[in-house]
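A.B. asks: Sequence and computational prediction follow.
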Amino acid sequence: MSKANNIASLLNSSGLLDSDDIATSAITAEKLNVGQVGGRRNLIINGAMEVWQRGTSQSVSGSYAADRFWMANATSAARYDTDAPSGFTYSTKMTYNASDMSLGQPIELTVTGKQGQFVAGSVVTLSYYAKVDTGTEDINAAIYFRDTKFSATNQAGFSGATTATWTTTWARYTHSFTIPTINSTNTIAALEIGNIGRTAYITGVQLELGDTATPFEHRSYGEELALCYRYYQTYPSSSATTVMFTGIGLNSTSVRALAKPFGGLMRAIPAITLPTSTFIKGNGSSLAVTSVQTGFQVGAGYTFVFDAASGVSTNHVYYITGNTGSDALELTAEL
Amino acid sequence: MSAFENVKYNQDDEGNTIGISYTINGKMGSAPISHPYYQEIMELVEAGELTIEPAD
């Protein structure tokens, strides 16, 4: 049948398009998933487990593993793994240790207490690929509007099919949820996949509006990394002369330095964590940092005050550095 | 036992509390009052597991 005949078949006796035919058969979500028209569906960042700024193997409990994905409920370990289903390069391997594990992602809401794209009464669909190393595992998937990711205070749960049974074969699992009315203090939509009681692998995590799980939306590594920078950035200090920030002496013990994150402004003024050894250098001095104070936002960057015991000269220029082989400086604005 | 040690309030030039500095797992750091670390520290203070020094 020609395309002209196909189109003609959609016209009713008045020569108008029959919307029922379009809705029920001619156009499906699967067909729309081509090119730009099908893009920007996945509300999850780093769903393919490609970005690991904190390192690719970690012991985690209540903290982040792959970027944007936290793990909880156990003294478990998470690492990136090349065991992945067709169409993916990496997965997160969660190594079981004594108690059930959870993995999740806090999705930032545009405004506290506002539904935004999560319209009450409409449906979202979660999909992911998973498997376990032995046997089968009954897991539970859930989404909540929450104030913070680990607090049930003021939470509003999404309703829907929450259970699945993972096996030793990679498979795609889907869960559709109906969106509740948000509470005025909620800041996130918290995705949780829990009750994981054995070593497991997961990747291809996608959450999208609507009741259909469309194919996973692959974004470039650069795009995913840029999205992750909003919440976490790290400054490696590979030598004792690596200039992380530059600043100026305020008085005999303090330097105010400007951090201009290479990934742009973050979600909020970040917490800063220094390398184990951090120094104020310049003007012929090398001074051990004794504390760092809360930052301020200044234009497209942040200023932090670094303190030393003594030896800083007012209005002289200094730089902040770590040490050879030292760990990284971290800026964290996670939810 | 709390992972936070040497906890001290931070103030701006007008004397307003803007955050907190600390040592966590042997590393120095600081966080603004909006950050989850600040809330975590306050919960430890309320539980009597941690005290905070006043700002300099």
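C.D. replies: Nice, thanks for sending it over.
A.B. asks: what's the nearest residue to A:T241 if we skip its chain neighbours?
C.D. replies: A:T321 (6.3 Å; C-beta to C-beta, 6 or more residues apart in numbering or on different chains). For every residue, glycine as well, the C-beta is placed using N, CA and C.
A.B. asks: Would you check that that neighbour makes contact with A:V243?
C.D. replies: Yes. The pair A:T321 / A:V243 is scored as a contact, 6.3 Å apart, by C-beta atoms under 8 Å.
A.B. asks: out of the two, which sits in the busier spot?
C.D. replies: For A:T321 versus A:V243, neighbours defined as other C-beta atoms under 10 Å in any protein chain shown are more numerous around A:T321 (24 against 12).
A.B. asks: What is the neighbour count of the nearest residue to A:D211 once chain neighbours are set aside?
C.D. replies: Nearest non-adjacent residue to A:D211, counting by C-beta to C-beta, 6+ apart: A:V123, 4.5 Å away. Using other C-beta under 10 Å, A:V123 is surrounded by 16 other residues.
A.B. asks: next one: the one 5 residues further on
C.D. replies: Burial measure for A:Y128: 25 neighbouring residues, criterion other C-beta under 10 Å.
A.B. asks: cool, the one 5 residues further on as well?
C.D. replies: With neighbours defined by other C-beta under 10 Å, the count for A:D133 comes to 14.
A.B. asks: Please name the residues that touch the closest residue to it other than its chain neighbours.
C.D. replies: Leaving aside its chain neighbours, A:D133 sits nearest to A:T199 (4.5 Å; criterion: C-beta to C-beta, 6+ apart). A:T199 is in contact with A:93-96, A:132-134, counting by C-beta atoms under 8 Å, 6 or more residues apart in numbering or on different chains.
A.B. asks: does A:T162 really touch A:A142, like I thought?
C.D. replies: Yes. In terms of C-beta under 8 Å, A:T162 counts as a neighbour of A:A142; the distance is 5.6 Å.
A.B. asks: Most proximal residue of the stretch 201-335 of chain A with respect to chain B?
C.D. replies: Nearest residue of the stretch 201-335 of chain A to chain B (C-beta to the nearest C-beta) works out as A:T294 at 2.9 Å.
A.B. asks: Report pLDDT for that residue.
C.D. replies: As predicted, A:T294 sits at a pLDDT of 92.
A.B. asks: What residues does it make contact with?
C.D. replies: A:269, A:304, B:10, B:18-21, B:30-32.
A.B. asks: Restrict stretch A:54-69 to CA atoms and write it as PDB.
C.D. replies: Presented in PDB, the C-alpha positions along stretch A:54-69 are these (Å, rounded to 0.1, in the frame of the first residue of the first chain):
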ATOM      1  CA  ARG A  54      34.800  10.000  43.200                       C
ATOM      2  CA  GLY A  55      36.600   6.900  41.900                       C
ATOM      3  CA  THR A  56      35.500   3.700  40.300                       C
ATOM      4  CA  SER A  57      35.600   1.500  43.400                       C
ATOM      5  CA  GLN A  58      34.300   2.600  46.800                       C
ATOM      6  CA  SER A  59      33.000   1.400  50.100                       C
ATOM      7  CA  VAL A  60      29.800   3.300  50.500                       C
ATOM      8  CA  SER A  61      27.100   3.700  53.100                       C
ATOM      9  CA  GLY A  62      24.700   6.600  52.600                       C
ATOM     10  CA  SER A  63      27.100   8.200  50.100                       C
ATOM     11  CA  TYR A  64      27.600   8.400  46.400                       C
ATOM     12  CA  ALA A  65      29.200   5.800  44.100                       C
ATOM     13  CA  ALA A  66      28.700   6.500  40.400                       C
ATOM     14  CA  ASP A  67      27.900  10.200  40.100                       C
ATOM     15  CA  ARG A  68      24.400  11.100  41.300                       C
ATOM     16  CA  PHE A  69      23.700   7.500  42.600                       C
END
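A.B. asks: Please list the outside residues in contact with it.
C.D. replies: Under C-beta under 8 Å, 6+ apart, the answer for stretch A:54-69 is A:44-46, A:49-53, A:70-80, A:92, A:103-105, A:150, A:205, A:224-225, A:227-228, A:231-232, A:234, A:334.
A.B. asks: quick one: which of those sit in strands?
C.D. replies: A:70-72, A:76-80, A:92, A:103-105, A:205, A:232, A:234 (DSSP state E).
A.B. asks: which SSE is the residue in chain B that chain A sits nearest to in?
C.D. replies: Nearest residue of chain B to chain A, counting by C-beta to the nearest C-beta: B:G19, 2.9 Å away. Secondary-structure assignment from DSSP states H and E places B:G19 in strand B:17-24.
A.B. asks: Who are the packing partners of that strand?
C.D. replies: strand B:4-11, strand B:27-32, helix B:36-46 (3 or more C-beta pairs under 8 Å, 6 or more residues apart in numbering or on different chains; DSSP states H and E).
A.B. asks: For the ones you listed, please prepare CSV with the additional fields mean pLDDT.
C.D. replies: Below are those laid out as CSV (pLDDT from 0 to 100):
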stretch, mean pLDDT
strand B:4-11, 92
strand B:27-32, 94
helix B:36-46, 89
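A.B. asks: any idea which of these is most buried?
C.D. replies: strand B:27-32 (a mean of 22; mean count of other C-beta atoms under 10 Å in any protein chain shown).
A.B. asks: All set now, cheers.
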